[in-house]
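Asks: sequence unknown, structure follows:
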């Protein structure tokens, strides 16, 4: 017996939530985004009237207003979107305990075991969910129904807004295989270009292609995508809060100006290491290795990594390791546009460690440092990330002291693809 999987996707989610407080704008073209006064503000979401005018998500505000001079721009309120997301998932939870959020506005539901309690078919239940969300919360969702997660996701994208699309076994050939290859989950612009270069232009082509060819083009992901297109996805729908073990913890940024010289690099790497270390401590994890990715102004990137002498969750030790990696692999006279630090080979507090016959003279100092960093975690958690900043951050012009673009808005210096 096939599973019954639903993928529920909120339509124009950010815009829909904002319009609940501005019903007078419902018929006007509206976008959600942050206009910073330059040409670099980004459209995060748009409503249907704006979409009909050619406005697209991730477009600059400047471009959107050239297409739609009457566009109304509303600022984003991410706390509202998270609160609405919780309410929506609570409605889904009335019908199954297998609700897996995919993003703030998308969730998979496995209703295989509970469907008979509520509806005669997956499509009927999808229509019921759409009606409940619309009636109780005032927004609309589109729902895909299929026998696996990937096809259910493609179904929710197939027809919008406020629609149900059912893709039973066998119907993928007619409904999905003619779609362009970039419609497939996890196929971005770069992957689509590589696939098109070898003649794979549709999802059907992806399903029919030689798996070895796909692996040669996309690595292991090629084999995964081949299975997805052929309908072989058997990934389970996880309960809310259930996830795969954390494999890495990273933090990166493009700086307001390029880093040049050891002093700049020390400030930038130290700032990133503080956030990585704090996230490790929140998760009760220790890093056994560290990776550093360095991007120059021409967007060329190198990545290097090293094993650490001992597992750590200390920003000071991560910073030292990052500086050693950068110093060994980069001419510090060359500018650095962006840095990313990634902690991996993660372990918990109870993981075994190699001991020696001699007392570690650095142990007391490390314990004092951990207590200090934990104290800083508490202060920042209570009063905000900017309550305690290092002297290097306070004195820098790198954009580190809480002056990043607003949440959900990309750094305007980054190229869009």
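Replies: Received it, and whenever you're ready, just let me know what you need. Bear in mind the structure is a predicted one, so any value in this text is a computation, not a measurement. Numbers count the residues shown, from 1 in each chain.
Asks: Would it be right to say that residue 256 lies in a strand?
Replies: Yes. Assessed by DSSP: H, G, I helix; E, B strand; the rest coil, residue 256 belongs to a strand.
Asks: what are the bridge partners for the most centrally placed residue in the chain, then?
Replies: Within the chain, one residue has its C-alpha closest to the average C-alpha position: by CA atoms, centre = their mean, that is residue 103, at 7.7 Å. The residues paired with residue 103 through beta bridges, assigned by DSSP bridges, are residue 106.
Asks: ok now do residue 252, which residues does it touch?
Replies: If you count contacts by CB atoms under 8 Å, 6 or more residues apart in numbering, residue 252 has them with 272, 293, 338, 339, 340, 341. C-beta here means a position set from N, CA and C on the backbone, and glycine is covered the same way.
Asks: in a strand, that's where it is, yeah?
Replies: Yes. Residue 252 sits within a strand when classified using three-state DSSP.
Asks: Would you mind giving the secondary structure of residue 8?
Replies: Residue 8 falls in the strand class when you classify it by three-state DSSP.
Asks: quick one: which of the contacts of residue 252 sit in strands?
Replies: Helix and strand membership here follows DSSP state E; of those, those in strands are 293, 338, 339, 340, 341.
Asks: Can I get those in a markdown table including pLDDT?
Replies: Supplementary listing: those in a markdown table, determined by pLDDT from 0 to 100:
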| residue | pLDDT |
| --- | --- |
| 293 | 94 |
| 338 | 92 |
| 339 | 94 |
| 340 | 94 |
| 341 | 96 |
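Asks: Report the two of those residues separated the most.
Replies: Of all pairs drawn from those, the greatest distance, 11.3 Å, lies between 338 and 341 (CB to CB).
Asks: Mind checking which of the two has more residues around it?
Replies: Applying other CB atoms under 10 Å to residue 338 and residue 341 shows that residue 341 carries more neighbours, namely 27 against 21.
Asks: With adjacent residues omitted, what lies nearest to that one?
Replies: The shortest distance from residue 341 to any residue that is not its chain neighbour, by CB to CB, 6 or more residues apart in numbering, is 4.6 Å, and that residue is residue 272.
Asks: need the contact list for residue 115.
Replies: For residue 115, the contacting residues are 4, 121, 122, 125, by CB under 8 Å, 6+ apart.
Asks: Residue 144 is in contact with the third one, correct?
Replies: No. At 9.6 Å, residue 122 and residue 144 do not qualify as touching, with contact defined as CB atoms under 8 Å.
Asks: Now list whatever residues contact both of these two.
Replies: When contacts are counted by CB under 8 Å, 6+ apart, the set common to residue 122 and residue 144 consists of 6, 166.
Asks: and the one helix or strand residue 325 maps to, what other elements does it pack with?
Replies: Using DSSP states H and E, residue 325 sits within helix 315-329. With contacts defined as 3 or more CB pairs under 8 Å, 6 or more residues apart in numbering; DSSP states H and E, the packing partners of helix 315-329 are helix 262-283, strand 285-295, strand 301-312, strand 336-348, helix 363-383.
Asks: buried ones in the third one?
Replies: To tie it back to what came earlier, the one meant is strand 301-312. 304, 308, 311, 312 (16 or more other CB atoms under 10 Å).
Asks: Check whether residue 173 really touches residue 208, as I assumed.
Replies: No. Applying CB under 8 Å as the test, residue 173 and residue 208 come out as separate, 10.7 Å apart.
Asks: just the helices in the stretch 101-250 of the chain please.
Replies: With helices called from DSSP state H, counting those that start in this stretch, the stretch 101-250 of the chain shows them at 122-137, 149-158, 172-175, 189-197, 203-208, 211-218, 220-229.
Asks: Point out the most buried one among those.
Replies: Mean neighbour counts were taken over the helices of the stretch 101-250 of the chain using mean count of other CB atoms under 10 Å, and the top value, a mean of 24, falls to helix 149-158.
Asks: which residues sit against stretch 175-190?
Replies: Around stretch 175-190, the neighbours that count as contacts under CB under 8 Å, 6+ apart are 150-151, 153-155, 157-158, 165, 167, 191-192, 195-196, 200-207, 221, 224-225, 228-229, 417.
Asks: okay, and the helix or strand of this protein with the least pLDDT?
Replies: Lowest by mean pLDDT, DSSP states H and E among the helices and strands of the chain is helix 391-394, with a mean of 61.
Asks: how much distance is there from stretch 163-182 to the middle of the chain?
Replies: A distance of 25 Å separates the centroid of the chain from that of stretch 163-182, by CA atoms, centre = their mean, to the nearest Å.
Asks: all numbers from here: first residue = 413
Replies: Happy to do that; since the first residue is 413 now, the last one works out to stretch 575-594.
Asks: Which of the residues in that stretch are classified as buried?
Replies: The neighbour-count criterion (16+ other CB under 10 Å) identifies 575-580, 584, 587-589, 591, 593-594 as the buried residues of stretch 575-594.
Asks: wait, residue 430 sits on residue 442?
Replies: Yes. Contact between residue 430 and residue 442 holds when scored by CB under 8 Å: they sit 7.3 Å apart.
Asks: shared neighbours of those two, anything?
Replies: Between them, residue 430 and residue 442 have residue 486 as joint contacts when contacts are counted by CB under 8 Å, 6+ apart.
Asks: Which parts of this protein belong to which domain?
Replies: The record's domain split for the chain, according to automatic domain parsing, is 413-581, 589-641, 660-762+771-806.
Asks: And these: which comes nearest residue 650?
Replies: Within those, the stretch nearest residue 650 is domain 413-581; the backing value is 4.5 Å (CB to CB).
Asks: end-to-end on that closest one?
Replies: Chord length of domain 413-581, first to last residue, is 11 Å (CA to CA, to the nearest Å).
Asks: How far off centre is it?
Replies: For domain 413-581, the distance between its averaged C-alpha position and the chain's averaged C-alpha position is 16 Å (CA atoms, centre = their mean).
Asks: and it, average pLDDT?
Replies: Averaged over domain 413-581, pLDDT sits at 94.
Asks: Same check on stretch 664-675?
Replies: Computed over stretch 664-675, the mean pLDDT rounds to 91.
Asks: How about that stretch, which residues are buried there?
Replies: Per 16+ other CB under 10 Å, stretch 664-675 contains these buried residues: 665, 666, 667, 671.
Asks: go on, stretch 644-662?
Replies: For stretch 644-662, the buried set under the neighbour-count rule, 16+ other CB under 10 Å, comprises 645, 649, 652, 661, 662.
Asks: Out of those, which is nearest to residue 436?
Replies: Closest approach between the buried residues of stretch 644-662 and residue 436, by CB to CB: residue 652, at 35.3 Å.
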